[in-house]
Structure formats: C-alpha cells, structure tokens
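Q: Give me the fold of what follows.
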Amino acid sequence: DSGSYGETNGGDIADGTSPSPVPTAILLSSFSAMPQGEGILLTWETAAELQNLGFNIYRGESFDGPWTKLNATLIPAQNPGATFGAKYEWLDTGVTPEVTYSYRLEDVDLHGASTFHGPVSAMATGVTSVVVMSFGAHGVAPAVLLLTVAVAGALVVQRWQRNGAARKQGADKHC
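A: The predicted structure follows:
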C-alpha cells in the first residue's frame, strides 16, 4: 500500500513507504551533551550518511525551546553519500556555569530536507580544579607558593612550602 507510513529511526524510514520524500538519509547512532571545562561538549555519531549535506546545532534553556541556531554555517558531512558514518564534536563555549542547556541536532540532506534529533541536555559547570604538577623556587629559601583558587564563588587560599606541606591561610571566603 503506497499510503502506509513507517516509523522513523534517526531520519531513515524503518519500514513502509511514504508519499513524500524521505526526510533525510542519515542513521544517527548517538547524540549526547556533557560539561567540559567552561563549555558543553556535544558529540554525535552517524552510522550512514546517504545524501547528507551537513548539520546545524540549536540551543535552548528548556526542552521546549525557544531554540537558537549556534553554528553560522552548516557543519559539513564528513562522508556525504557514504553507507558508513562518522563522529562529530561541537564545543559550546557561550554558556553560563550552573545553567542547564538543551540541544537539538538538525541534519540537512542534499535536497534541503531536514530532520531534528534530541533534545539532549547538560549543565555547564565551569573550571572545577587546578593541579600544580611542579614548582621550582630557583634558589629562594624557604620556597613558598601562594595558590588561589576561586570555585563557585568561594575563595580558597593555601600556602605550599617546598616540602609539599600545605597550610590553609583562609577558606570559604566569598568573593
């Protein structure tokens, strides 16, 4: 029956036929968002990219939007026309710490048809730690390193001596 419709699976028609063109011809294997440093890293993987031109990424402050397109130009397909897929990454650095963002991925085919995937969400966390691997005093005795770390509005000051012992100078002083 030419009027029956199949379910969509990542943009592919899983079964059945449709009187309109297939929305796009990619098979999306995964799409995720996770905090990374001072941004949110979006990753996605395709299993096939038949007639795929590329992708757009949209961000909203809720699962319902409103949505803002993040990329100025289309993110090009790595393997257009291929029966195999590719892995993609996009780092969203325009985020505010402690705010949860939602993202949608749009794939666009060679004919201009598009399909949206998601949403997925993640909370921006900002920089959470600093590690000093080594410190040289260059002849200054006693060697002292003053390390100030501001995390989530709290100021922690530690004094480190050459022997590696730490003495807390002040803690939890709000900035």
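
Q: How about the contacts made by Phe55?
A: Trp44, Asn71, Leu74, Ile75, Ala77, Tyr88, Leu105, Glu106, Asp107, Val108 (C-beta atoms under 8 Å, 6 or more residues apart in numbering). Using the backbone N, CA and C atoms, a C-beta is placed for each residue, glycine as well.

Q: Output the residues you listed in JSON lines, with pLDDT, neighbour count and secondary structure appended to each entry.
A: Below are those laid out as JSON lines (pLDDT from 0 to 100; neighbours: other C-beta atoms under 10 Å; DSSP: H, G, I helix; E, B strand; the rest coil):
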{"residue": "Trp44", "pLDDT": "98", "neighbour count": "26", "secondary structure": "strand"}
{"residue": "Asn71", "pLDDT": "97", "neighbour count": "13", "secondary structure": "coil"}
{"residue": "Leu74", "pLDDT": "97", "neighbour count": "12", "secondary structure": "coil"}
{"residue": "Ile75", "pLDDT": "97", "neighbour count": "20", "secondary structure": "strand"}
{"residue": "Ala77", "pLDDT": "95", "neighbour count": "23", "secondary structure": "coil"}
{"residue": "Tyr88", "pLDDT": "98", "neighbour count": "19", "secondary structure": "strand"}
{"residue": "Leu105", "pLDDT": "98", "neighbour count": "22", "secondary structure": "strand"}
{"residue": "Glu106", "pLDDT": "97", "neighbour count": "20", "secondary structure": "strand"}
{"residue": "Asp107", "pLDDT": "95", "neighbour count": "26", "secondary structure": "strand"}
{"residue": "Val108", "pLDDT": "94", "neighbour count": "20", "secondary structure": "strand"}
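
Q: ok, these vs Thr96, which is closest?
A: Distance from Thr96 was checked for each of the contacts of Phe55 by C-beta to C-beta. The minimum falls on Asn71, at 19.6 Å.

Q: if you go through this protein in chain order, where are the strands?
A: Ranges of strands within the chain are 8-9, 12-13, 26-36, 39-49, 52-60, 68-69, 75-76, 87-92, 100-109, 114-123, 144-151, 154-161, 166-174, based on DSSP state E.

Q: Flag the shaky bits of the chain, pLDDT-wise.
A: When residues are selected by pLDDT under 70, those of the chain lie in 1-24, 127-175.

Q: can you do 90?
A: Scanning the chain for pLDDT under 90 picks out 1-26, 37-38, 50-51, 65, 79-83, 125-175.

Q: Tell me how far Ser121 lies from Asp64.
A: When distance is defined by C-beta to C-beta, to the nearest Å, Ser121 is 12 Å away from Asp64.
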